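1. Provided below for reference: sequence and predicted model.
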2 protein chains.
Amino acid sequence: MPTTDEIEAKIIQQADIVKKAKQAKMSKEELEPLIQTLLSLKAQLKDEQAKVKPFDRAALEALLTKRFFYAPSFQIYGGIAGLYDYGPPGCAVQTNILNLWRQHFVLEEDMLEVECTNLTPEAVFQASGHVEKFADYKVTDSVTGDIYRADHLVKEVLGKRLEEDRNLKLGLQSDAKKPKGQKPAEPLTEETKAHYEMVLETLDNYQGESLVKLFKDLDIRAPTGNPVTEPVLFNLMFDTQIGPTGQFQGYLRPETAQGHFLNFKKLLESNNEQMPFASASIGKSFRNEISPRQGLLRVREFTMAEIEHYVHPDRKNHDRFDEVENLELPLYSAAAQLAAEGPKMTKIGEAVKNRTVNNETLGYFMARIYLFLIRIGIDADRIRFRQHMANELAHYSSDCWDADIKSSYGWIECVGCADRSAYDLSAHTKKTGEKLIARDTLPEPIVTTKLALEIQKSKFGPVFKKDAKTVQEALLSMEEAEIKEFELKLKDGKASITAADGKSYEITSEMVTIGMKTETINVLEYVPNVIEPSFGIGRIVYSLLEHSYYVREEDEQRGVLKFKPAIAPTKALVIPISNNADFAPHIKSLVQKLRQANVSNKVDNSSSAIGRRYARNDEIGTPFAITIDFQTLKDDTVTLRERDTTKQFRATKDQVVEAIKDLVDEKVEWDALIKKYGEFVGQDA
Amino acid sequence: MPTTDEIEAKIIQQADIVKKAKQAKMSKEELEPLIQTLLSLKAQLKDEQAKVKPFDRAALEALLTKRFFYAPSFQIYGGIAGLYDYGPPGCAVQTNILNLWRQHFVLEEDMLEVECTNLTPEAVFQASGHVEKFADYKVTDSVTGDIYRADHLVKEVLGKRLEEDRNLKLGLQSDAKKPKGQKPAEPLTEETKAHYEMVLETLDNYQGESLVKLFKDLDIRAPTGNPVTEPVLFNLMFDTQIGPTGQFQGYLRPETAQGHFLNFKKLLESNNEQMPFASASIGKSFRNEISPRQGLLRVREFTMAEIEHYVHPDRKNHDRFDEVENLELPLYSAAAQLAAEGPKMTKIGEAVKNRTVNNETLGYFMARIYLFLIRIGIDADRIRFRQHMANELAHYSSDCWDADIKSSYGWIECVGCADRSAYDLSAHTKKTGEKLIARDTLPEPIVTTKLALEIQKSKFGPVFKKDAKTVQEALLSMEEAEIKEFELKLKDGKASITAADGKSYEITSEMVTIGMKTETINVLEYVPNVIEPSFGIGRIVYSLLEHSYYVREEDEQRGVLKFKPAIAPTKALVIPISNNADFAPHIKSLVQKLRQANVSNKVDNSSSAIGRRYARNDEIGTPFAITIDFQTLKDDTVTLRERDTTKQFRATKDQVVEAIKDLVDEKVEWDALIKKYGEFVGQDA
């Protein structure tokens, strides 16, 4: 079957044929079959569109709100855009993801975890470039005063114009509301349409004057239809004053990375001076987004998990690359994007070999990120690795691949995997004078002999006094060729040199010694490069919620979150089959056993029907339910039910607790347990 | 043996006797034995002081810095007071404490965990009282501009004066440096001394004018000797602007509690409207301390773990109190503090019964806090529960017991356990109109009959027009007695009422109906009270580091941190006995097994002597070391060594990995394993 996109393309083609036929004043008989084709294509499109059942985001959101996965912060005070609180199930899902993250990365790779402060003095972000460059353009509605992020507004306005045009050409009604005072829609010329599409593709290229011009040229207005002010830069960092003087400017960090870098020297020491190695950190970051939206996907305060892996700039191979080289990843390279080809499953080993992916370390982490996302329950078919185009790279980044996850909001960047090169370590070294470097011990020392100049300090000070240091610096900064020239001049006993202060100083031959000097280098210093996998936890949590959601076939009202056991907020529901008092000691002993095994559980001894109690736990994704029934009173056995298959088996309490523990730890599969204990069919019906 | 305190008291007494004897012009023969007694007392004091080996904080700090447990943030930028980063071992200790906290409290008590934002709009802290009251007094050195916290400065200055006085009376040299320009020390009169001591005891009582007067009266100066400015209030919250307008004032939260309270309604729903229940949260808080000091003990950004337990104001009993009632806690009640009696081991059941501790819920949490602190490794003998005196209670608190932990800095409040009453929920209800309440379903409905007034709206609107609402409100706010009086007046057909706008309105009898009305109440609404255990994690971490530190008897240079296995950053050190290549596959398989069991480990295959490798791991508190030796090559067994006993046993790799896992999970004791496998004596020697 053709896709809706393909049918749409055919409709536009056919409409063009019909139009030209009409212009050519064809006969009715000749026209009719052409029109018939067009109409049947339109009918076909309608049918196809009806078939594709869109994801019911509203139903999921209703469930998430009802069970308090998360909610806008300060809701009783009217809320604040871009700030969300996690309720109990959301909080538990996040904690479980972070625990797996620590296992999968920190423990597995012996990373050095750090926790650095959110409050950061201005000097740090001056050095890192954030004070100057961590900003977005904003525009203001000249009547209402509402503020918009400039690039988002361009996207929205041009997107609407293109959609309207498409609808016009398909002969459909437009869904997009028309801003007041705008002329009735007319089809765009091919030229305009191509220009709009080009602008949207290269939006990141418009900065400063060119962005101002773009707004004017395309008459970009606020959704109200009002004109907007010229785009101006707005720094996205929250600022505050540290200390009681009110004069010490600080910021809330917009990423955790700088804290790692500032501690680089201590971390390298902690690692016994061994390279390469990685630091890791989980913490909050803060970005004062101009107009936050899309729920958890664009917020002002969020949890990040960041890894900074330090390597030699010329040796970006990775010791454990052989473990992943045959893994196929959905790579969407910059070249493929330019050619509009879409992502392609590619062995990471090959992608590194043909340099699509720059180096083994970058490739290794992309593979590990992919495995992690799948491990926590993200749908593998809705992940892609998209390479940044040159114009969208962050100011510190030399190459970057985003792990995008697809949800009802489209493809969203959830993990960035960037090569930050030596940018940050160099910047902080420059600003503080503290060398953030690593050392290579050479297998054989490098011996060099070259002409060198030495200073006779005793003859120096008395002559130049307070200028002595300046003059010395000028002399010592000469290259070999300059020294040679200087030596020639000195033959006459005197030579002059211009120092950094612009003044000329006269040097006599007794002040300096010039001769061949042999140097032996045993150790080479270098500034490590940094490969940075950076995880936006809130975005991953939201994507996981969408990918986990389904409704029971037998009852569309029953939403289920099919979390993996390791991710589920509550692992086990404990339910007595009735409120018979004899069940109470069994509930107590079972809960005690579960707690001892560190298995989170909830008892539901309400009087609701058992199906209702299952349904309540489907909504928070509880994978297992233990039922205490009359058989329990006889032989101390209980039944264990799995959420998605709804199958059960019967075993002793201890066996069931151990089974759950093993399922959560991914040591055993459900099917194997059903095979072991035999399926139980009974009390549910 | 008498304590140093007791000897000091005797010296002062004896010095007084000698002084009076001299004034009485006693003979040399009479004086001599008196002076002899004084001198021998002084010698005794010196001996005793030499015996008490003070805690070597400098040695511990050197170890903590060397191994990067924590360090001042932004050190390469000169650092910022009150901000610290955690390095890998510090980070791991904190994570392990928090994991146990979740197990001990959240999982065990089925608490509802939430994660709320750090950024908070001003309105929230206006309601909670923090904008007005969360402040300390500061003073400024009038010459240097240095800023001091007023109460700390008073404490320091008076403390020094009292110490000097004590030294003068003991005839010792003062250690305290004298500020320049101060007169040579003279002994204080008994009156002055008593006054200073009184001021120090009641320092929290000095606020506003009385604090200003105190500074003047006692001539409190900066450590430089310069006068200081008058004390002024300084709010301790960091402020920032939220959003792009620059006009939306926000703060960084100084406690996590308000986030819980704002979500109270959703949390109660999540708990199926069942009371009592608790919410819990782990997160950062921020306080812009005037002059942070004492390392991790007073910082500007710190991790808190807070529980808010919601109860009916008249039913503060606790379901599980019987589990702890016989536990003895070191209670230091307000009464005992007034009587200077010191803490006393008291059964918490008795303390609640005799109302020393206000209620069961407060007592239950104090017991659970005590058990938690001991569980993570805090020395039980260095914990006390100190009740707040009336003058030091926070503005929202009606009763509070602090779990203080003793370290080389003295007794430090590490956990607060406060009864915040209905303060916060009421405040937010008042400010937002959103009812933050719980409901009691009455076993039998309450039926009341009373005189009531109803309004005939149709007759009302046309007469009063826009004032109608104001007049109605005035009428409906009348108490029963007022209605009776009003009914009497209306007998004449007319009566007037004064409304909230101050105006008088004339009411006719057809506008209202007055008569007896029966009301049935099935549900009673109430504002829950909140019991709040609040943990300062950084302070606990630091206390634990001190309590865990010791030096090996055989070598004072070897510092050890005797962390419990569950707390230790690294659980197992893996060491091959030599760098024989045959050991490599054994190291690999062992590390794999440890990782699969989620046991953090480090391999040390350096060429250092085995003792040196143990010592390095003593410093980060690694409890177990696995040695691979030549026996391993024959039968695949390894040895396991415990840090503090230095005993070992020999077993297979799998047995050893399981043993470590069980030791970390506190399922088995080391001694039992030695008994099981037999002590191994060999390769270490």
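-> Cool, the structure landed.

2. low pLDDT regions in the stretch 151-300 of chain A?
-> Applying pLDDT under 70 to the stretch 151-300 of chain A picks out residues A:173-185.

3. can you map out the helices along it?
-> Under the criterion DSSP state H, counting those that start in this stretch, the stretch 151-300 of chain A carries helices at the ranges A:190-201, A:208-217, A:257-262, A:264-270.

4. would residue A:336 count as being in a strand?
-> No: read with DSSP: H, G, I helix; E, B strand; the rest coil, residue A:336 is helix and lies in no strand.

5. quick one: low-confidence ranges for the stretch 351-500 of chain A?
-> Checking the stretch 351-500 of chain A against pLDDT under 70 turns up A:393-396.

6. what about the helices in it?
-> Counting by DSSP H, counting those that start in this stretch, the helices of the stretch 351-500 of chain A are A:360-376, A:423-432, A:457-464, A:468-476, A:480-490.

7. Looking at those, which is nearest to chain B?
-> Closest approach to chain B among those (C-beta to the nearest C-beta): helix A:423-432, 4.6 Å. Placement of C-beta: from N, CA and C, glycine included.

8. Just the CA trace of that closest one, in PDB.
-> Provided in PDB are the C-alpha atoms of helix A:423-432 (Å, rounded to 0.1, in the frame of the first residue of the first chain):
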ATOM      1  CA  TYR A 423      37.900  23.300  24.100                       C
ATOM      2  CA  ASP A 424      36.900  23.500  27.800                       C
ATOM      3  CA  LEU A 425      40.100  22.300  29.400                       C
ATOM      4  CA  SER A 426      42.100  24.800  27.300                       C
ATOM      5  CA  ALA A 427      39.700  27.600  28.200                       C
ATOM      6  CA  HIS A 428      40.000  27.000  31.900                       C
ATOM      7  CA  THR A 429      43.800  26.600  31.700                       C
ATOM      8  CA  LYS A 430      44.000  29.900  29.900                       C
ATOM      9  CA  LYS A 431      41.800  31.700  32.400                       C
ATOM     10  CA  THR A 432      43.300  30.300  35.600                       C
END
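
9. Spell out which residues sit in contact with residue A:262, please.
-> By C-beta atoms under 8 Å, 6 or more residues apart in numbering or on different chains, the contact list for residue A:262 reads A:116, A:124, A:428, B:73, B:74, B:75, B:76, B:77, B:85.

10. Return the member of those nearest to residue B:37.
-> Closest approach between the contacts of residue A:262 and residue B:37, by C-beta to C-beta: residue B:75, at 54.2 Å.

11. if I look at the closest one, how far off is chain A?
-> Applying C-beta to the nearest C-beta, to the nearest Å, the value for residue B:75 to chain A is 7 Å.

12. Tell me, how many residues neighbour that residue?
-> 17 (other C-beta atoms under 10 Å in any protein chain shown).

13. How about the contacts made by the residue of the stretch 351-500 of chain A found nearest chain B?
-> In the stretch 351-500 of chain A, the residue that lies nearest chain B is residue A:434 (4.2 Å; C-beta to the nearest C-beta). Neighbouring residues of residue A:434 by C-beta under 8 Å, 6+ apart: A:265, A:428, B:76.

14. Wait, the second one touches residue B:76, no?
-> Yes: Residue A:428 is in contact with residue B:76 according to C-beta atoms under 8 Å; the separation is 6.7 Å.

15. got any residues that touch both of the two?
-> Residues touching both residue A:428 and residue B:76 by C-beta under 8 Å, 6+ apart: A:262, A:434, A:436.

16. Considering these, which is situated nearest to residue A:133?
-> Within the shared contacts of residue A:428 and residue B:76, the smallest distance to residue A:133 is 18.9 Å, found for residue A:262 (C-beta to C-beta).

17. which element is the closest residue to residue A:295 other than its chain neighbours on?
-> In this structure, residue A:295 finds its nearest non-sequential neighbour in residue A:542, 6.4 Å apart by C-beta to C-beta, 6 or more residues apart in numbering or on different chains. Counting by DSSP states H and E, the element that carries residue A:542 is helix A:537-548.

18. and that helix, what does it pack onto?
-> Judged by 3 or more C-beta pairs under 8 Å, 6 or more residues apart in numbering or on different chains; DSSP states H and E, helix A:537-548 is in contact with helix A:57-66, helix A:88-101, strand A:301-311, helix A:360-376, strand A:399-407, strand A:410-421.

19. Briefly note if the next helix or strand after the first one comes near chain B.
-> Right, helix A:57-66. Under the assignment DSSP H and E, the closest C-terminal helix or strand after helix A:57-66 is strand A:70-72. Yes: Strand A:70-72 comes into contact with chain B (C-beta under 8 Å from any C-beta of the partner chain), by way of residue A:71.

20. Give me the contacts around strand A:70-72.
-> Outside strand A:70-72, the residues within contact range by C-beta under 8 Å, 6+ apart are A:64-65, A:79-80, A:83-87, A:90, A:296, B:263, B:266.

21. go on, stretch A:16-31?
-> Residues contacting stretch A:16-31 (C-beta under 8 Å, 6+ apart): A:34, A:35, A:38.

22. in the stretch 1-150 of chain A, which spans are helices?
-> So, for the stretch 1-150 of chain A - with DSSP H, counting those that start in this stretch - the helices run A:4-23, A:28-51, A:57-66, A:88-101, A:122-128, A:130-133, A:150-170.

23. Next, the angle helix B:88-101 makes with the fourth one.
-> Spelled out, it's helix A:88-101. Put simply, helix A:88-101 runs at 140 degrees to helix B:88-101, going by axes from the mean of the first three to the mean of the last three C-alpha atoms, to 10 degrees.

24. so helix A:88-101 versus helix A:360-376, what angle?
-> 140 degrees.

25. So which bits of helix A:88-101 are buried?
-> Residues A:88-98, A:100-101 are the ones in helix A:88-101 that count as buried (16 or more other C-beta atoms under 10 Å in any protein chain shown).

26. That helix: how far from the chain's middle?
-> 17 Å (C-alpha atoms, centre = their mean, to the nearest Å).

27. just the buried residues of helix A:88-101 now: which is nearest residue B:292?
-> For the buried residues of helix A:88-101, the closest approach to residue B:292 (C-beta to C-beta) belongs to residue A:98, at 29.0 Å.

28. is the closest residue to the closest one other than its chain neighbours in a bridge, and if so with what?
-> Leaving aside its sequence neighbours, residue A:98 sits nearest to residue A:282 (C-beta to C-beta, 6+ apart; 5.8 Å). Beta-bridge partners for residue A:282, by DSSP bridges, are residue A:305.

29. Surely residue A:282 touches residue A:100?
-> No: using C-beta under 8 Å, residue A:282 makes no contact with residue A:100, being 11.9 Å away.

30. contacting residues around residue A:104?
-> Contacts of residue A:104 by C-beta under 8 Å, 6+ apart are A:368, A:371, A:372, A:375.

31. Emit the PyMOL select command for whichever of these are buried.
-> Here is the PyMOL command that selects the buried residues among these (16+ other C-beta under 10 Å):
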select buried, chain A and resi 368+372+375
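
32. Now distance to chain B too, for the contacts of residue A:104, in TSV please.
-> Listed next are those as TSV, based on distance: C-beta to the nearest C-beta, whole Å:
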residue	distance to chain B
A:368	14
A:371	15
A:372	15
A:375	14
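
33. sorry, back to before: out of the helices of the stretch 351-500 of chain A, deepest packed?
-> helix A:360-376 (a mean of 22; mean count of other C-beta atoms under 10 Å in any protein chain shown).

34. how many degrees apart are that helix and strand A:399-407 in direction?
-> Going by the same axes, to 10 degrees, helix A:360-376 makes 10 degrees with strand A:399-407.

35. which ones are touching the residue of the stretch 451-600 of chain A found nearest chain B?
-> Closest residue of the stretch 451-600 of chain A to chain B, C-beta to the nearest C-beta: residue A:600 (5.8 Å). Shown in contact with residue A:600 (C-beta under 8 Å, 6+ apart): A:92, A:569, A:570, A:571, A:572, A:594, B:107.

36. ok, now how distant is it from residue B:270?
-> The gap separating residue A:600 from residue B:270 is 15 Å, by C-beta to C-beta, to the nearest Å.
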